[in-house]
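Engineer: Predicted model and sequence follow; I will ask about them next.
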Amino acid sequence: MNFDDTQQEAEFRAIARKWIAANAPKEFEEELSKSSLGRIRLAKHDMVEVGKAWQKKKAEGGWACLHWPKEYGGRGATPIERVIWQQEEGVYGKLTQPFQIGEGMCGPTVMAWGSEDAKRRYLPKLASGEEIWCQLFSEPSAGSDVAGLRTRAEKKGDNWVVNGQKIWTSGAHYSDYGLLIARTDPNVPKHKGLTMFFLDMKSPGVEVRPIKQANGMQEFNEVYFTDVVIPDSQRLGAVGEGWSVSLTTLMNERMSIGSRLATGVPEMFEFCSNLMLEDGLAIDDPAVRSKLASWAVKASGLKYTSYRAISALSKGERPGPENSIGKLVSGLMLQDIATYAMDLEGAAGSLTGTDEEQANGQFQQMLLSSPSMRIAGGTDEILRNIIAERVLGLPGDIRVDKDVPYNKIPTKGR
Amino acid sequence: MNFDFSDEQKQMRDEARKFLSEQCPPKAVREVLDGKAPYDKALWKGLAEMGFLGVAIPEQFGGAGAGHLELCVIAEEMGRALAPVPFSSTVYLAAEALLIAGSDAQKQKWLPKIASGDAIGTLALFEGHGNPSPKAIKVTANGGVLNGVKKPVADGAIADFAVVAARTGSSGRESDISLFIVDLKAGGVEIKSLTNIDLTRGQAAITFKDAKAEPLGATGEGWGVLTQVLDRAAVLMAFEQVGGADRALEMGRDYALDRIAFGRPIGSFQAVKHMLADMYVSATLARSNCYYGAWALSTNAGELPEAAAAARISATQAFQHCAKNNIQVHGGMGFTWEFDCHMYYRRANAMALGLGSLSYWEDALIDRMRKKNAA
């Protein structure tokens, strides 16, 4: 048991470190290292533009999407080399945010199901950040039950005509392409009537509208489709095979979202170390210590769980299912930590101004944003189902709509 | 990075699991539970023959000289099987104290007997309510004899010797505390068995009346040694706890698959599935913290104090969580004497206290994290 690189890994790390030292945009280092929770904002620069520049440089040096094959814009690196790269990229990895959906979900789906022409045309530009991709799966009435989606695609000659609405699309407003799942046959059971496409987000009839979220921010979008034409050549997988195709995407979603998770523990530890209560520092209070310790061991447990996964990769094995616990643990923890930090502040805990004396309103922001952590990319409940069914081998839920034609499934509860 | 046990260590785990499933089935645990024996003597002998008692004891002292990673592997299996033997008292506490502070002669005297199963040892630390603290130690050591009462002492009624923390000064500092070895079969020692929630592990009160005691380590350095012993034992106990947590989770899972209610396996209801998923999460976090503790223990890393506290807290929580919800999954049957669920529940809650309670270790973790952050 050790934390050492193999010789090969150490050599790879040295090369990566040297390249990053020579090429990283150091002018943003300080700003990036400060933004530990939530979305990244740069005071005087556009995040997407800075991200694109870094991604382009990485692509030129052979470091973009490095685990992809060379012919599709990658480096042909092993999974463990990808992890080493991410460790070395450090805070600059935050600049990859606009490309994560493309790299983590859309790219792998195109790679698995696209034609050779499509792969050569789209993947290198996705990898280099020249073209940004988004994912169009969720709908207002199809979230956890995404197979219940309503957006229709109808065949007209060599094209498909799409009508409907998607929601929770990160980055739709700056994306060039989108991965879209739509219903092509409403007369068969829901999983069997779906087909996967990709489309140009500038196509006529595509309208992107920002969503004003519960936390007051606008990070996601709704996307409306009105008679949008998609050529049949942009279909991924067979007609009616969309559900199988989507599983490629969703499996990758859970892997990629789980890799860089905030827990809130370092921030909370720092906060309690400095917060003066009536009887002294918060961190000297036994009740505070007890809670802090429980959160700290969850955070360290997640960290060492990821080390176990990395070790499996290093040996050429697939990481085990223990990796699926990350978001489930950290989402709820962020919410609990925020609530408790504010409790310690008393009545002033409700104030959100960044000039407030304690912690610049970071926990207030965390409180308002954390509900989304427990929903996006698989709700806590769906994640528990996945653990129960795939890890523990418990029976799947009883699905009353499984064999019912989609257009016969009830659409209203009462 | 290789943050995992080696193939040889995993092989040892498989051997230990096989051995314990044959030699320590629930039926054997129940012999002790029902008071028919104070501990499983045959199993104790068998563990010695397998080399498990001395796995981390150097060869020069009669052990296998394998190491602490191997001991972690065995500890997990002992926890899974609820082995009703004085393993933790003898191996994690007494043997570790000897290895850290013992003279060559003391090591020669006791360690080979521990490895061969001929001597049971324990640590006599607590004196009534409260957590480990120099102030709580009232037993006095003067002129080579001890006076006072220690309780509870794990496995005190079956132990041959004890490492005893006693007071040799009155300055109010840690340097007031020294360690001693006491032969519990000699004069001046009265031992009384105490009933406790875990009927498969004995507790005792030991009264010393001018009992002859031999210093273990230098006078005034007892608390420092004790802190090291507790940290090392915390990691090893945490592996036992993770083993117990995993087994309780498996029992709950298996029952949820077999038991039919409302016309379907109860494991198909989300209320039950989600309870089991949460148990899996606890057990996984604890296991990962334990692995880090095992690394720190086996390399004597500077990170050991923090790693040990984290492993202890995480594993205590996981075992308690899994043991309690295992009963819940079983419903009424889980509350019968006949089903094994209560044995894990008893063990989980007794283990949560035996080395200092959860709040003690939470406190220790925060102190240690602060120290690291300040450095």
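Structural biologist: Sure thing, it's come through.
Engineer: Can you check what pLDDT the model gives A:Gly216?
Structural biologist: With respect to pLDDT, A:Gly216 has a value of 89.
Engineer: If you could redo that for A:Ala348, that was the one I meant.
Structural biologist: A:Ala348 carries a pLDDT score of 88 in this model.
Engineer: Burial check on it, number of neighbours?
Structural biologist: With neighbours defined by other CB atoms under 10 Å in any protein chain shown, the count for A:Ala348 comes to 10. Yep, even glycine has a C-beta here, placed from its N, CA and C like the rest.
Engineer: got it, and A:Gly280?
Structural biologist: Number of residues near A:Gly280 (other CB under 10 Å) recorded here: 9.
Engineer: and what of A:Trp63?
Structural biologist: A:Trp63 is flanked by 23 other residues according to other CB under 10 Å.
Engineer: Hmm, A:Gly74 and it touching each other?
Structural biologist: No. No contact is recorded between A:Trp63 and A:Gly74 when judged using CB atoms under 8 Å, the distance being 9.3 Å.
Engineer: Could you list the low-confidence segments of the chain?
Structural biologist: The chain I'm using is chain A. Confidence mapping of chain A against pLDDT under 70 gives the ranges A:35-39, A:252-260, A:320-322, A:354-359.
Engineer: leaving aside the residues next to it on the chain, what's closest to the most far-flung residue of it relative to its centre?
Structural biologist: The outermost residue of chain A, judged by C-alpha distance from the chain's mean C-alpha position using CA atoms, centre = their mean, is A:Asp279 at 42.3 Å. Using CB to CB, 6 or more residues apart in numbering or on different chains and skipping the chain neighbours, the partner closest in space to A:Asp279 is A:Asp285 (7.0 Å).
Engineer: the strands in chain B, which residues?
Structural biologist: Taking DSSP state E, the strands of chain B run over residues B:121-124, B:140-142, B:145-154, B:161-167, B:177-183, B:189-194, B:203-212, B:214-216, B:260-261, B:264-265.
Engineer: got TSV for these, with distance to A:Ile167 and mean pLDDT too?
Structural biologist: Formatted as TSV, the strands of chain B follow (distance: least, CB to CB, whole Å; pLDDT from 0 to 100):
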stretch	distance to A:Ile167	mean pLDDT
strand B:121-124	61	98
strand B:140-142	73	96
strand B:145-154	59	98
strand B:161-167	64	98
strand B:177-183	65	98
strand B:189-194	63	98
strand B:203-212	60	98
strand B:214-216	69	98
strand B:260-261	38	97
strand B:264-265	34	96
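Engineer: Can you tell me which of those is nearest to A:Pro371?
Structural biologist: Using CB to CB as the criterion, the shortest distance between A:Pro371 and the strands of chain B is 32.3 Å, found for strand B:264-265.
Engineer: What are the contacting residues of the closest one?
Structural biologist: The contact list for strand B:264-265 (CB atoms under 8 Å, 6 or more residues apart in numbering or on different chains) reads A:Leu394, A:Pro395, A:Ile398, B:Ala256, B:Leu257, B:Asp258, B:Arg259.
Engineer: What is the helix or strand containing A:Ile15 packed up against?
Structural biologist: Counting by DSSP states H and E, the element that carries A:Ile15 is helix A:7-23. When contacts are defined as 3 or more CB pairs under 8 Å, 6 or more residues apart in numbering or on different chains; DSSP states H and E, helix A:7-23 packs onto helix A:47-61, helix A:79-89.
Engineer: gap between the helix or strand following the shortest one and the chain center?
Structural biologist: The C-terminal neighbour of helix A:79-89 among helices and strands, as given by DSSP H and E, is helix A:100-101. Using CA atoms, centre = their mean, to the nearest Å, the distance from the centre of helix A:100-101 to the centre of the chain it belongs to is 6 Å.
Engineer: ok now do residue 9, which residues does it touch?
Structural biologist: Using chain A here. By CB under 8 Å, 6+ apart, the contact list for A:Glu9 reads A:Ile80, A:Glu81, A:Ile84, A:Ser314, B:Met1.
Engineer: could you do chain B instead?
Structural biologist: Here B:Gln9 is in contact with B:Leu69, B:Glu70, B:Val73 (criterion: CB under 8 Å, 6+ apart).
Engineer: Let me know how buried the first one is, in neighbour terms.
Structural biologist: Translated: B:Leu69. Counted with other CB under 10 Å, residues neighbouring B:Leu69 total 21.
Engineer: Surely it is in contact with B:Phe3?
Structural biologist: No. Taking CB under 8 Å as the contact criterion, B:Leu69 and B:Phe3 are not neighbours in contact, 11.9 Å apart.
Engineer: Could you find the closest non-adjacent residue to B:Val73?
Structural biologist: B:Arg13 (4.5 Å).
Engineer: Tell me the residue of the stretch 151-300 of chain B that sits nearest chain A?
Structural biologist: Minimum separation of the stretch 151-300 of chain B from chain A (CB to the nearest CB) falls at B:Leu285, amounting to 3.0 Å.
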